[in-house]
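Peer 1: Turn this into a structure:
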Amino acid sequence: MDVQALTDAKPVGGAGDAAQPAFLDRLLEAGLLIESGVPGLYGRSAVFESIADGLNAAVTRIGADQHAEVLRFPPAMGQRDFETSEYLKSFPQLAGTVHSFCGDDRGHHRLLARLEDKQDWTDQQEPTGVVLTPAACYPVYPVIARRGPLPADGKVVDVLSYCYRHEPSLEPTRMQLFRMREYVCLGTPEQIVAFRNKWMERGQALGRALQLPVELDIANDPFFGRGGKIVADSQREQKLKFELLIPVNDGAGPTACMSFNYHMDHFGELWHIALPDGGVAHTGCVGFGIERLTLALLRHHGLDLSRWPQPVRETLGGV
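Peer 2: Numbering: from 1, shown residues only. Now for the predicted structure:
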(Lines give C-alpha, C1' and ligand atoms only; values in the text may rest on other atoms or scores of the structure.)
Protein backbone atom coordinates (compact mmCIF):
# COMPACT_ATOMS: atom_id res chain seq x y z
CA MET A 1 0.00 0.00 0.00
CA ASP A 2 1.41 3.41 -0.93
CA VAL A 3 1.79 6.37 1.42
CA GLN A 4 -1.15 8.27 -0.11
CA ALA A 5 -3.46 5.31 0.42
CA LEU A 6 -2.34 5.08 4.04
CA THR A 7 -2.85 8.79 4.58
CA ASP A 8 -6.31 8.71 3.02
CA ALA A 9 -7.46 5.80 5.18
CA LYS A 10 -10.87 6.46 6.75
CA PRO A 11 -10.58 7.46 10.44
CA VAL A 12 -12.15 5.08 12.91
CA GLY A 13 -14.81 6.23 15.32
CA GLY A 14 -16.61 8.50 12.83
CA ALA A 15 -20.31 8.97 12.18
CA GLY A 16 -20.60 5.46 10.79
CA ASP A 17 -19.66 4.07 14.19
CA ALA A 18 -22.42 5.93 16.06
CA ALA A 19 -24.37 2.74 16.80
CA GLN A 20 -21.29 0.90 18.02
CA PRO A 21 -20.26 0.80 21.71
CA ALA A 22 -17.32 3.03 22.53
CA PHE A 23 -13.98 1.34 21.90
CA LEU A 24 -13.04 1.51 25.59
CA ASP A 25 -16.35 -0.11 26.58
CA ARG A 26 -15.76 -2.92 24.11
CA LEU A 27 -12.26 -3.53 25.46
CA LEU A 28 -13.56 -3.66 29.03
CA GLU A 29 -16.52 -5.88 28.16
CA ALA A 30 -14.19 -8.29 26.34
CA GLY A 31 -11.87 -8.40 29.36
CA LEU A 32 -8.91 -7.19 27.33
CA LEU A 33 -8.54 -4.24 29.69
CA ILE A 34 -9.55 -4.44 33.35
CA GLU A 35 -11.18 -1.50 35.11
CA SER A 36 -9.46 -0.10 38.21
CA GLY A 37 -11.80 2.78 39.04
CA VAL A 38 -9.16 5.33 37.99
CA PRO A 39 -9.27 6.81 34.46
CA GLY A 40 -6.26 5.66 32.46
CA LEU A 41 -5.24 2.93 34.91
CA TYR A 42 -6.05 -0.56 33.66
CA GLY A 43 -5.14 -4.17 34.10
CA ARG A 44 -4.27 -6.21 31.01
CA SER A 45 -5.52 -9.66 30.06
CA ALA A 46 -3.42 -12.57 28.84
CA VAL A 47 -4.59 -11.88 25.28
CA PHE A 48 -3.62 -8.21 25.51
CA GLU A 49 -0.21 -9.20 26.88
CA SER A 50 0.34 -11.73 24.10
CA ILE A 51 -0.02 -8.91 21.55
CA ALA A 52 2.31 -6.68 23.58
CA ASP A 53 4.88 -9.49 23.77
CA GLY A 54 4.62 -10.02 20.02
CA LEU A 55 5.23 -6.32 19.38
CA ASN A 56 8.28 -6.30 21.61
CA ALA A 57 9.65 -9.37 19.86
CA ALA A 58 9.11 -7.71 16.47
CA VAL A 59 10.92 -4.56 17.61
CA THR A 60 13.80 -6.71 18.87
CA ARG A 61 14.08 -8.46 15.50
CA ILE A 62 14.19 -5.29 13.43
CA GLY A 63 16.70 -3.73 15.83
CA ALA A 64 19.08 -6.70 15.97
CA ASP A 65 21.67 -4.96 13.78
CA GLN A 66 21.94 -2.08 16.26
CA HIS A 67 24.00 -4.26 18.61
CA ALA A 68 22.34 -2.33 21.41
CA GLU A 69 23.14 -2.77 25.08
CA VAL A 70 19.98 -4.02 26.78
CA LEU A 71 19.15 -2.11 29.98
CA ARG A 72 16.01 -2.52 32.05
CA PHE A 73 15.03 -0.22 34.90
CA PRO A 74 12.14 -0.17 37.37
CA PRO A 75 9.43 2.41 36.56
CA ALA A 76 10.98 4.92 38.94
CA MET A 77 14.16 6.97 39.19
CA GLY A 78 15.99 8.99 41.81
CA GLN A 79 14.81 12.53 42.45
CA ARG A 80 18.27 13.98 41.79
CA ASP A 81 18.51 12.49 38.30
CA PHE A 82 14.92 13.52 37.64
CA GLU A 83 15.71 17.12 38.60
CA THR A 84 18.82 17.08 36.42
CA SER A 85 16.66 16.10 33.43
CA GLU A 86 14.79 19.45 33.70
CA TYR A 87 11.51 17.59 33.12
CA LEU A 88 9.73 19.90 35.57
CA LYS A 89 10.70 22.92 33.50
CA SER A 90 8.84 21.58 30.50
CA PHE A 91 6.18 19.13 31.74
CA PRO A 92 5.26 19.81 35.40
CA GLN A 93 1.66 18.79 34.65
CA LEU A 94 2.71 15.24 33.78
CA ALA A 95 5.14 14.39 36.60
CA GLY A 96 4.41 11.95 39.41
CA THR A 97 6.33 11.57 42.66
CA VAL A 98 6.34 8.76 45.24
CA HIS A 99 5.36 9.69 48.80
CA SER A 100 5.23 7.51 51.91
CA PHE A 101 4.33 7.66 55.59
CA CYS A 102 7.44 8.58 57.56
CA GLY A 103 5.92 9.43 60.96
CA ASP A 104 5.76 7.95 64.47
CA ASP A 105 2.96 6.27 66.42
CA ARG A 106 1.24 9.58 67.03
CA GLY A 107 1.33 10.37 63.35
CA HIS A 108 -0.01 6.92 62.55
CA HIS A 109 -2.96 7.44 64.88
CA ARG A 110 -3.64 10.78 63.21
CA LEU A 111 -3.58 9.12 59.79
CA LEU A 112 -5.97 6.37 60.95
CA ALA A 113 -8.32 8.96 62.42
CA ARG A 114 -8.40 10.76 59.09
CA LEU A 115 -9.27 7.49 57.37
CA GLU A 116 -11.98 6.72 59.91
CA ASP A 117 -13.56 10.14 59.41
CA LYS A 118 -13.18 9.86 55.62
CA GLN A 119 -10.96 12.93 55.58
CA ASP A 120 -7.92 13.57 53.42
CA TRP A 121 -4.88 11.72 54.80
CA THR A 122 -2.34 12.34 52.03
CA ASP A 123 -0.73 15.30 53.83
CA GLN A 124 0.53 12.74 56.35
CA GLN A 125 2.97 11.44 53.74
CA GLU A 126 6.34 12.82 52.73
CA PRO A 127 8.47 12.69 49.54
CA THR A 128 10.68 9.60 49.34
CA GLY A 129 13.25 10.88 46.85
CA VAL A 130 11.77 8.58 44.20
CA VAL A 131 10.00 9.84 41.07
CA LEU A 132 7.95 7.82 38.59
CA THR A 133 9.77 7.47 35.27
CA PRO A 134 8.21 9.79 32.65
CA ALA A 135 10.04 8.32 29.63
CA ALA A 136 11.96 5.06 29.29
CA CYS A 137 15.14 6.78 28.12
CA TYR A 138 15.56 9.07 31.13
CA PRO A 139 17.43 6.61 33.41
CA VAL A 140 19.84 5.79 30.55
CA TYR A 141 21.65 9.14 30.35
CA PRO A 142 23.12 9.31 33.88
CA VAL A 143 24.20 5.65 33.65
CA ILE A 144 26.08 6.19 30.38
CA ALA A 145 27.54 9.51 31.59
CA ARG A 146 29.13 7.84 34.61
CA ARG A 147 31.05 5.46 32.34
CA GLY A 148 33.12 8.21 30.72
CA PRO A 149 33.51 9.18 27.04
CA LEU A 150 31.51 7.32 24.42
CA PRO A 151 33.10 4.90 21.94
CA ALA A 152 34.09 6.39 18.58
CA ASP A 153 31.12 4.76 16.84
CA GLY A 154 28.67 6.01 19.46
CA LYS A 155 26.38 3.99 21.67
CA VAL A 156 22.92 2.45 21.28
CA VAL A 157 20.85 1.28 24.24
CA ASP A 158 17.69 -0.86 24.15
CA VAL A 159 15.40 0.07 27.05
CA LEU A 160 11.87 -0.89 28.07
CA SER A 161 9.93 0.49 31.02
CA TYR A 162 6.53 1.30 32.37
CA CYS A 163 6.21 5.10 32.37
CA TYR A 164 3.89 7.45 34.24
CA ARG A 165 2.25 10.64 33.05
CA HIS A 166 -0.55 12.39 34.90
CA GLU A 167 -3.10 12.51 32.10
CA PRO A 168 -6.33 10.97 33.44
CA SER A 169 -8.55 10.33 30.42
CA LEU A 170 -11.24 8.02 29.09
CA GLU A 171 -9.37 7.69 25.80
CA PRO A 172 -7.93 4.17 26.00
CA THR A 173 -4.70 5.29 24.33
CA ARG A 174 -4.03 7.94 27.00
CA MET A 175 -3.07 5.75 29.94
CA GLN A 176 -1.42 7.07 33.07
CA LEU A 177 0.87 4.04 33.28
CA PHE A 178 2.04 2.50 30.03
CA ARG A 179 5.03 0.75 28.49
CA MET A 180 7.55 2.47 26.27
CA ARG A 181 10.15 0.52 24.29
CA GLU A 182 13.04 2.63 23.06
CA TYR A 183 16.31 2.50 21.23
CA VAL A 184 18.45 5.38 22.46
CA CYS A 185 21.44 6.58 20.43
CA LEU A 186 24.30 8.68 21.85
CA GLY A 187 27.06 10.08 19.65
CA THR A 188 27.80 12.77 17.09
CA PRO A 189 25.08 14.79 15.32
CA GLU A 190 25.71 12.80 12.13
CA GLN A 191 25.31 9.50 13.98
CA ILE A 192 22.04 10.60 15.58
CA VAL A 193 20.52 11.89 12.32
CA ALA A 194 21.43 8.66 10.50
CA PHE A 195 20.00 6.61 13.39
CA ARG A 196 16.73 8.54 13.38
CA ASN A 197 16.32 8.38 9.59
CA LYS A 198 16.87 4.62 9.64
CA TRP A 199 14.26 4.13 12.36
CA MET A 200 11.67 6.34 10.67
CA GLU A 201 11.88 3.99 7.69
CA ARG A 202 11.73 0.92 9.90
CA GLY A 203 8.82 2.25 11.94
CA GLN A 204 6.74 2.85 8.83
CA ALA A 205 7.68 -0.57 7.48
CA LEU A 206 6.57 -2.20 10.74
CA GLY A 207 3.26 -0.33 10.60
CA ARG A 208 2.69 -1.57 7.05
CA ALA A 209 3.60 -5.13 8.02
CA LEU A 210 0.96 -4.88 10.76
CA GLN A 211 -1.51 -3.65 8.10
CA LEU A 212 -2.24 -0.44 10.00
CA PRO A 213 -3.09 2.93 8.36
CA VAL A 214 0.05 4.84 9.33
CA GLU A 215 1.02 8.44 8.71
CA LEU A 216 4.35 10.09 9.56
CA ASP A 217 4.24 13.74 10.60
CA ILE A 218 6.27 16.45 12.33
CA ALA A 219 5.28 16.83 15.98
CA ASN A 220 6.08 18.58 19.23
CA ASP A 221 5.99 17.65 22.90
CA PRO A 222 3.28 19.10 25.21
CA PHE A 223 5.44 21.83 26.77
CA PHE A 224 3.74 23.62 29.66
CA GLY A 225 2.60 27.23 29.87
CA ARG A 226 2.80 30.26 27.62
CA GLY A 227 6.53 29.84 27.10
CA GLY A 228 5.95 26.25 26.10
CA LYS A 229 4.36 27.30 22.82
CA ILE A 230 7.59 29.00 21.79
CA VAL A 231 9.59 25.88 22.60
CA ALA A 232 7.07 23.67 20.79
CA ASP A 233 7.16 25.91 17.70
CA SER A 234 10.96 25.78 17.71
CA GLN A 235 10.89 21.98 18.02
CA ARG A 236 8.64 21.74 14.98
CA GLU A 237 10.61 24.31 13.00
CA GLN A 238 13.84 22.38 13.53
CA LYS A 239 12.06 19.07 12.76
CA LEU A 240 13.39 17.49 15.95
CA LYS A 241 10.39 15.23 16.52
CA PHE A 242 8.37 13.04 14.18
CA GLU A 243 5.49 10.74 15.12
CA LEU A 244 3.88 7.74 13.48
CA LEU A 245 0.13 8.37 13.70
CA ILE A 246 -2.63 5.75 13.63
CA PRO A 247 -6.39 6.32 14.10
CA VAL A 248 -7.54 4.53 17.27
CA ASN A 249 -9.90 6.59 19.45
CA ASP A 250 -13.60 7.19 18.81
CA GLY A 251 -14.24 10.38 16.84
CA ALA A 252 -10.72 11.72 17.40
CA GLY A 253 -7.68 12.40 15.29
CA PRO A 254 -4.95 9.79 14.89
CA THR A 255 -2.82 8.76 17.86
CA ALA A 256 0.97 8.93 18.07
CA CYS A 257 2.10 5.29 18.42
CA MET A 258 5.82 5.76 17.64
CA SER A 259 8.09 8.78 17.99
CA PHE A 260 11.45 9.61 16.45
CA ASN A 261 13.36 12.24 18.39
CA TYR A 262 16.58 14.24 18.05
CA HIS A 263 17.46 15.94 21.36
CA MET A 264 20.56 17.68 19.96
CA ASP A 265 23.06 18.20 22.85
CA HIS A 266 20.36 18.80 25.51
CA PHE A 267 20.90 15.62 27.54
CA GLY A 268 24.60 15.56 26.73
CA GLU A 269 24.97 18.98 28.36
CA LEU A 270 22.80 18.13 31.36
CA TRP A 271 24.64 14.92 32.24
CA HIS A 272 28.06 15.79 30.78
CA ILE A 273 28.02 12.92 28.29
CA ALA A 274 31.30 13.23 26.37
CA LEU A 275 32.47 12.23 22.92
CA PRO A 276 35.95 10.66 22.56
CA ASP A 277 37.42 14.08 21.69
CA GLY A 278 35.84 15.68 24.77
CA GLY A 279 32.97 17.33 22.92
CA VAL A 280 29.39 17.14 24.10
CA ALA A 281 27.43 14.13 22.84
CA HIS A 282 24.15 14.48 21.00
CA THR A 283 21.32 12.03 21.64
CA GLY A 284 18.20 10.73 19.94
CA CYS A 285 15.68 7.98 20.44
CA VAL A 286 12.93 6.02 18.78
CA GLY A 287 10.00 5.14 21.03
CA PHE A 288 7.33 2.48 20.55
CA GLY A 289 4.15 2.89 22.59
CA ILE A 290 3.40 -0.76 23.35
CA GLU A 291 -0.12 -0.21 24.67
CA ARG A 292 -1.00 2.21 21.88
CA LEU A 293 0.20 -0.16 19.17
CA THR A 294 -1.68 -3.02 20.82
CA LEU A 295 -4.86 -0.93 20.89
CA ALA A 296 -4.35 0.08 17.26
CA LEU A 297 -4.15 -3.58 16.25
CA LEU A 298 -7.31 -4.41 18.21
CA ARG A 299 -9.13 -1.44 16.71
CA HIS A 300 -8.28 -2.20 13.09
CA HIS A 301 -8.24 -6.01 13.14
CA GLY A 302 -10.89 -6.74 15.76
CA LEU A 303 -10.96 -8.20 19.26
CA ASP A 304 -10.80 -11.82 18.07
CA LEU A 305 -7.14 -12.56 17.30
CA SER A 306 -8.03 -15.78 15.47
CA ARG A 307 -9.61 -13.66 12.73
CA TRP A 308 -6.63 -11.35 12.24
CA PRO A 309 -4.81 -11.47 8.89
CA GLN A 310 -2.24 -14.25 8.93
CA PRO A 311 0.68 -11.99 7.88
CA VAL A 312 -0.06 -9.72 10.85
CA ARG A 313 -0.07 -12.67 13.24
CA GLU A 314 3.20 -13.89 11.75
CA THR A 315 4.81 -10.47 12.20
CA LEU A 316 3.88 -10.75 15.90
CA GLY A 317 5.36 -14.23 16.19
CA GLY A 318 2.14 -16.17 15.71
CA VAL A 319 -0.21 -14.67 18.32
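Peer 1: Please tell me how far the residue at minimal distance from the centre of the chain sits from residue 77.
Peer 2: Among the residues of the chain, the one closest to the centroid is residue 180, at 3.9 Å (Cα atoms, centre = their mean). Distance, residue 180 to residue 77, using Cβ to Cβ, to the nearest Å: 14 Å. For the C-beta atoms, the positions are set from N, CA and C on the backbone; glycine is no exception.
Peer 1: The stretch 201-319 of the chain: helices as residue ranges?
Peer 2: For the stretch 201-319 of the chain, the helices defined by DSSP state H, counting those that start in this stretch occupy 225-237, 266-271, 290-301, 310-315.
Peer 1: what's the most buried one of those?
Peer 2: Across those, averaging neighbours per residue (mean count of other Cβ atoms under 10 Å) puts helix 290-301 on top, at a mean of 24.
Peer 1: how is the chain carved up into domains?
Peer 2: What automatic domain parsing lists as the domains of the chain is 3-96+134-315, 99-129.
Peer 1: Just put these in a markdown table and tack on mean pLDDT.
Peer 2: What follows is the domains of the chain, written out as a markdown table (pLDDT from 0 to 100):
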| stretch | mean pLDDT |
| --- | --- |
| domain 3-96+134-315 | 91 |
| domain 99-129 | 94 |
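Peer 1: Please identify the deepest-packed of those domains.
Peer 2: By mean count of other Cβ under 10 Å, these have domain 3-96+134-315 as the most buried, with a mean of 17.
Peer 1: ok so, going back, wait, the residue nearest to the centre of the chain touches residue 289, no?
Peer 2: Yes: under the criterion of Cβ atoms under 8 Å, residue 180 is in contact with residue 289, at a separation of 6.4 Å.
Peer 1: OK, contacts around the residue nearest to residue 111 when sequence neighbours are not counted?
Peer 2: Taking Cβ to Cβ, 6 or more residues apart in numbering, and ignoring the residues beside it in sequence, residue 111 has residue 124 as its nearest neighbour in space, at 4.5 Å. Applying Cβ atoms under 8 Å, 6 or more residues apart in numbering to residue 124 gives the contacts 101, 103, 107, 110-111, 114.
Peer 1: The residue nearest to the centre of the chain: which element?
Peer 2: strand 177-187 (DSSP states H and E).
Peer 1: Now do that strand against helix 290-301, angle only.
Peer 2: 110 degrees (axes from the mean of the first three to the mean of the last three Cα atoms, to 10 degrees).
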